[in-house]
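Undergrad: heads up, no residue letters with this:
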């Protein structure tokens, strides 16, 4: 299991254990974390699972693919470096301790 910390826009922190092989989005959904809507269910067809990745973790994540880059154009206030779609981040033991912060809202 990997511990993932989800931080709501208001600062509320949620630390949950997510099984390797799941996505960061599925970890939020399955644990009732508010702020990640995941309207498309993880198909990378919306931007409602957008988060800002803690800078310490940016180099540890796989690169964004072109589809994710395109969908981030529709996200609320995307950050060119820190924004990611949680449906595109597969959890592994290497992500134990990952910290992500939700934007003020999802669109």
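TA: The structure has been received and is ready for your questions. Remember, it's a predicted structure, so these values are computed and weren't measured experimentally.

Undergrad: Return the set of buried residues in stretch 44-52.
TA: Neighbour counts over stretch 44-52 (16 or more other Cβ atoms under 10 Å) mark 44, 46-52 as buried. For every residue, glycine as well, the C-beta is placed using N, CA and C.

Undergrad: Kindly apply the preceding question to stretch 73-83 instead.
TA: For stretch 73-83, the neighbour count (16+ other Cβ under 10 Å) marks 75, 78, 83 as buried.

Undergrad: where exactly do the helices run in the protein?
TA: Assigned by DSSP state H, the chain shows helices spanning 24-30, 66-72.

Undergrad: can you tell me which residues contact the residue positioned nearest the centre of the chain?
TA: Relative to the mean C-alpha position of the chain, the nearest C-alpha, by Cα atoms, centre = their mean, is the one of residue 86, at 2.9 Å. Contact criterion Cβ atoms under 8 Å, 6 or more residues apart in numbering gives 23-25, 27-28, 36, 38, 49-51, 100 as the residues in contact with residue 86.
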